[in-house]
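[1] what shape does this take:
(one chain, ligands or ions: 2)
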Amino acid sequence: MTDEGLEKEYKTVWDNALESLKTSLPPSTYEPWITPLKPVEPKEEQYKKGVFVIKSDQAFGVSHLNQKFLPEIQAAVNKAMGKEIPVEIVFVPSNVKKAPKKKFKPNEEIVLMQEQIDNLKQMHSFCALNLKYTFENFVKGENSKVAYDAAKMVSKAPGQKFNPLFITGSVGLGKTHLMQAIGHDILKNFPKLKVKYAKTEEFTNQLVDSCRNGSDSYNEMRKFREQYRNVDVLLLDDIQFAEGKKRTEEEIFNTFDALFHAGKQIVFASDRPIETFEKTPDRLKSRYEWGLSVEIKPPSLETRIEIIKKHARRANYEIADDVAEFLAKNYSKNIRELEGAYNKVSAYASIQGLELNVKTAKEILGFRENQRKITTDDIIKKCAEYFGTTAELIKGSQRSSEIKSARQAAIYLTRQILDLSFPVIAQSFNKNHTTILYSYEKLKKDIELNPTLKENLEEIENLIRN
Ligand code: ADP
Ligand code: MG
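    Ligands and ions are numbered 1, 2, ... in the order given. Sure thing, here's the model as predicted:
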């Protein structure tokens, strides 16, 4: 058959395939996803003999189509063809620049203006991003490897890999940094794409404002939606803030669907895992879980040292190894606090003209030499006071709820603060070591799911240390 004949045949096959896809897929899928597809013609470079190649001009959509609808499309093409033929869906950019109309002479000034508008749009996106929060400034440790790699992949192919990407991890561990690094990288790799970064609190406030605006609320709402839907990449931070806020969650749900179906990339960050979103409706929770969820864990001592060294280097300062280690050892849970401690010591040292060594760092941060040594009994005593019971009862075997909570907290904090082995802790609590191990592991799990519990334990820990 001639190329022309083939071309015609492919077109008819595709028209017939479309007929059956129209009945087998819901309109909400068929319209946005299937109608823009066209079969590749023999004269086109993507044409492959013996393969039914279909093209899409939406780069973001191709992987989604391949993942979700390929079997249906394959079946429809086979049926229309009357035999089996492998189907491939490929991205072929359409000629975006339309030929100028006849009378219109392309004017260099206008082209230039368009470029300026593009640049301004990009700058606008950049403005919401912190210039420090780039991949280059992020230390990839064993705690953040998976999250870092996923973020990199998303920034190389927005909308095509993991959608949404959901980043979790406790406060101060680099979620916002990584999320904004995606934004920076996309703006660098794809200067035409529109990136929007926002905190969920800001999203909620704007939503409330636009609903409130009386007679003009329709217009305000339209403007609000445009801001969040007329983008290629939406980075929505601190999504835990939305939990249980009905109107906000509903708007996030609709924004998500609008963006997702247009093949746009969405990234969420939360300081709690998705499982803890008890008040969030299931349909939104399932959207959160649709793509990939990655967790940033607390970094090891080595990673913390590297982070603080990098942070100092950004200010053109080579911090001494022992000072970096001293800081990293004493600030282990939150990188923001670790950086804060460094900023404080370096500022004081430079104002006072002191050399920054471990001794000056300790003085500036108010660390007393020979600090009082904490014992297991101190911990038991503080936990007893906190829960309104006594040290004797904690060490005993009664199981009323206050005593149990106090005992569990004391076991957990003894392990956390003193880093003792379970058999040694068991002796102090008059228990056997499997009981201690079980109690420790149980509380550790509960903390992950319950932020209030975590805060209470931090409060007790502060009482013990001070
Ligand atoms: P989160 O959003 O998780 O609360 P942030 O992203 O705001 O935390 O990070 C807090 C601070 O710690 C920021 O200044 C960030 O640059 C820094 N930080 C966190 N993790 C890293 C890392 N792996 N490498 C470099 N800096 C980091
Ligand atoms: Mg943050």
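
[2] if I look at residue 356, how far off is residue 79?
    With distances taken as C-beta to C-beta, to the nearest Å, residue 356 is found 74 Å from residue 79. All C-beta atoms are positioned from the backbone trio N, CA, C, and that covers glycine.

[3] between the two, who's got more neighbours?
    Shown here are residue 356 and residue 79; by other C-beta atoms under 10 Å, residue 356 has more neighbours (19 against 14).

[4] where does residue 294 land on pLDDT?
    Per-residue confidence at residue 294 stands at 97 (pLDDT).

[5] what of residue 7?
    What the model reports as pLDDT for residue 7 is 65.

[6] now do the one 10 residues further on
    pLDDT, residue 17: 93.

[7] what about it, which SS state?
    Under DSSP: H, G, I helix; E, B strand; the rest coil, residue 17 falls in the helix class.

[8] now do residue 48
    Three-state assignment for residue 48 (three-state DSSP): coil.

[9] residue 28 versus that one, what's the distance?
    Taken as C-beta to C-beta, the span from residue 48 to residue 28 is 31 Å.

[10] burial count for the residue of the chain found nearest ligand 2?
    Nearest residue of the chain to ligand 2: residue 176, at 3.3 Å (C-beta to the ion). Each residue near residue 176 was counted by other C-beta under 10 Å, and the total is 20.

[11] same check on residue 377?
    Quick note: residue 377 (other C-beta under 10 Å) scores 13 neighbours.

[12] please apply the same query to residue 300.
    14.

[13] quick one, what contacts it?
    141, 142, 143 (C-beta atoms under 8 Å, 6 or more residues apart in numbering).

[14] how about stretch 331-340: buried residues?
    Going by neighbour count (16 or more other C-beta atoms under 10 Å), the buried part of stretch 331-340 is 331, 335, 338, 339.

[15] for the chain, what lies in contact range of ligand 1?
    Contacts of the chain with ligand 1, taken as C-beta under 6 Å from any ligand atom, map to 132-133, 137-139, 144, 169, 171-177, 307, 335-336, 339.

[16] domain assignment for the chain?
    For the chain, the structural domains run 3-91, 145-295, 301-365, 376-465, going by automatic domain parsing.

[17] run through the strands of the chain in chain order.
    Assigned by DSSP state E, the chain shows strands spanning 38-39, 52-56, 87-91, 165-168, 195-199, 233-237, 265-270, 292-295.

[18] which residues are contacting the longest one?
    It stands for strand 265-270. Outside strand 265-270, the residues within contact range by C-beta under 8 Å, 6+ apart are 60, 151, 154, 158-159, 163-168, 175-176, 178-179, 182, 186, 232-240, 256, 259-260, 288, 291.

[19] and the helices in the stretch 301-450 of the chain?
    With DSSP state H, counting those that start in this stretch as the criterion, the stretch 301-450 of the chain has helices at 301-314, 321-330, 335-351, 358-364, 376-387, 391-395, 401-418, 422-429, 433-449.

[20] averaged pLDDT, the fifth one. What do you get?
    Within the predicted structure, the mean pLDDT of helix 376-387 is 95.

[21] same deal with the fourth one?
    The pLDDT scores in helix 358-364 average 90.

[22] other SSEs contacting it?
    Where contact means 3 or more C-beta pairs under 8 Å, 6 or more residues apart in numbering; DSSP states H and E, helix 358-364 is packed against helix 321-330, helix 335-351.

[23] what about stretch 393-402, start to end distance?
    10 Å (C-alpha to C-alpha, to the nearest Å).

[24] give me the residue from the stretch 201-350 of the chain nearest ligand 1.
    residue 335 (3.5 Å; C-beta to the nearest ligand atom).

[25] looking at the stretch 151-300 of the chain, which residue is nearest ligand 1?
    residue 174 (2.7 Å).

[26] is it true that the residue of the stretch 201-350 of the chain closest to ligand 1 touches residue 175?
    No. Residue 335 lies out of contact with residue 175 (C-beta atoms under 8 Å); the separation is 10.6 Å.

[27] least reliable of the domains of the chain going by mean pLDDT?
    domain 3-91 (a mean of 83).

[28] I am finished for the moment; much appreciated.
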